[in-house]
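1. After the sequence you'll find the predicted model.
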Amino acid sequence: MDDNQTATQDAVPTSRALSIPSEVRSFLEGLLQDAGMNALDAEMKEEMMKELCARLDNFLTSTIIDNLPAENLDTFIQMNEEKKPKSEIEQFLKEHMPNTEDVFAKAFMEFRDLYLGNVSVARNAPKASDQAVKPAEA
């Protein structure tokens, strides 16, 4: 490990770092980079990663609910409430949700497009100072 990697890892306290699977972390880091958010300090980046991870989790849950046959929804909800292992939930989805891999691949792309679209809209929105009310001319 070189000094840059050590410094980067030391910058975010382990107790504050959210346990995000490495594949998801890579996806979210790429998303931040694509959004042009490269100048974030380590703490701000980790906070954004947590927020994005929570949003992605909600988005994926909605996707599962939309694509899982109705007769399997109660079991899926119960598995989550009982905090079943991730591997068990993944296996359940593979067995009961048609085209599981395609559904997730599409969901990740839709999330990416939605997030980057929202960033673009926010950056291009008129600033409050641009919308100041001009006095009426006499």
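-> That came through, no problem.

2. for the protein, which spans come out with low pLDDT?
-> 1-18, 128-138 (pLDDT under 70).

3. what about the helices in it?
-> With DSSP state H as the criterion, the chain has helices at 3-11, 22-34, 42-67, 70-81, 86-96, 100-124.

4. I'd like those helices laid out as TSV, including mean neighbour count.
-> Just so you know, the C-beta spots here come from the backbone N, C-alpha and C atoms, and that holds for glycine as well. TSV is the format used below for the helices of the chain (neighbours: other C-beta atoms under 10 Å):
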stretch	mean neighbour count
helix 3-11	10
helix 22-34	14
helix 42-67	15
helix 70-81	12
helix 86-96	12
helix 100-124	13
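
5. Could you list the alpha-carbon positions for stretch 66-73 in PDB?
-> Extracted C-alpha coordinates of stretch 66-73, given in PDB (Å, rounded to 0.1, in the frame of the first residue of the first chain):
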ATOM      1  CA  ASP A  66     -42.600  -3.600  -9.400                       C
ATOM      2  CA  ASN A  67     -41.000  -6.800 -10.900                       C
ATOM      3  CA  LEU A  68     -41.600  -9.500  -8.300                       C
ATOM      4  CA  PRO A  69     -44.800 -11.500  -8.900                       C
ATOM      5  CA  ALA A  70     -47.400 -10.500  -6.400                       C
ATOM      6  CA  GLU A  71     -47.600 -13.900  -4.800                       C
ATOM      7  CA  ASN A  72     -43.900 -13.500  -3.700                       C
ATOM      8  CA  LEU A  73     -44.100 -10.000  -2.200                       C
END
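
6. and it, how far from the chain's centre?
-> 23 Å (C-alpha atoms, centre = their mean, to the nearest Å).

7. Let me know the distance separating L56 from F104.
-> In this view, L56 and F104 are 11 Å apart by C-beta to C-beta, to the nearest Å.
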